[in-house]
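Peer 1: I need the structure of the sequence given here:
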Amino acid sequence: MAATDQPTLRVEVAFALPHRQRIVVLSVPEGTTARQAVALARLEEQFPELSVATFAEADLGIFGKALRDPDAHVLREGDRVEVYRGLEVDPKAARAARAARAKQR
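Peer 2: Here you go, the predicted structure:
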């Protein structure tokens, strides 16, 4: 089988900012990892305001389930790789601030 005859999978890579979202549909070779699919999606071109490291180092998941090792997770047909953004506010700190405001009322 020639390299061009290698079986492929259809997968999606999703990323969102509060004001803009993108889902990139890809046809990737069997054996492609989640991290490789993110690189192939070239999200840095669609979100030039973010650094390449945002995508290269981001936590990843498949259909809402975080991946422990996205560099080793081999994709399956129909998977949607989700690129997670870091939290801007620590949830515990936000909850404490809300509780403090409520107590002042």
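
Peer 1: contacts only, for Glu44.
Peer 2: Leu50, Ser51, Val52, Thr54, Phe55 (C-beta atoms under 8 Å, 6 or more residues apart in numbering). Every C-beta, even on glycine, is put in place using the N, C-alpha and C of the backbone.

Peer 1: gap between it and Asp59?
Peer 2: Distance, Glu44 to Asp59, by C-beta to C-beta, to the nearest Å: 17 Å.

Peer 1: what residues are bridge-paired with the residue nearest to the spatial centre of the chain?
Peer 2: Centroid-nearest residue in the chain: Val83, 1.1 Å away (criterion: C-alpha atoms, centre = their mean). Judged by DSSP bridges, the bridge partners of Val83 are Leu60.

Peer 1: measure Gln6 to Tyr84 for me?
Peer 2: Distance, Gln6 to Tyr84, using C-beta to C-beta: 29 Å.

Peer 1: and the strands in this structure, which stretches?
Peer 2: For the chain, applying DSSP state E gives strands covering 8-17, 20-29, 60-62, 65-66, 80-83.

Peer 1: got any ranges where this protein has weak pLDDT?
Peer 2: Scanning the chain for pLDDT under 70 picks out the ranges 1-4, 87-91.

Peer 1: what about 90?
Peer 2: Confidence mapping of the chain against pLDDT under 90 gives the ranges 1-6, 18, 51-54, 85-105.

Peer 1: in it, which spans are helices?
Peer 2: Counting by DSSP state H, the chain has these helices, from start to end: 34-41, 43-46, 52-56, 91-104.
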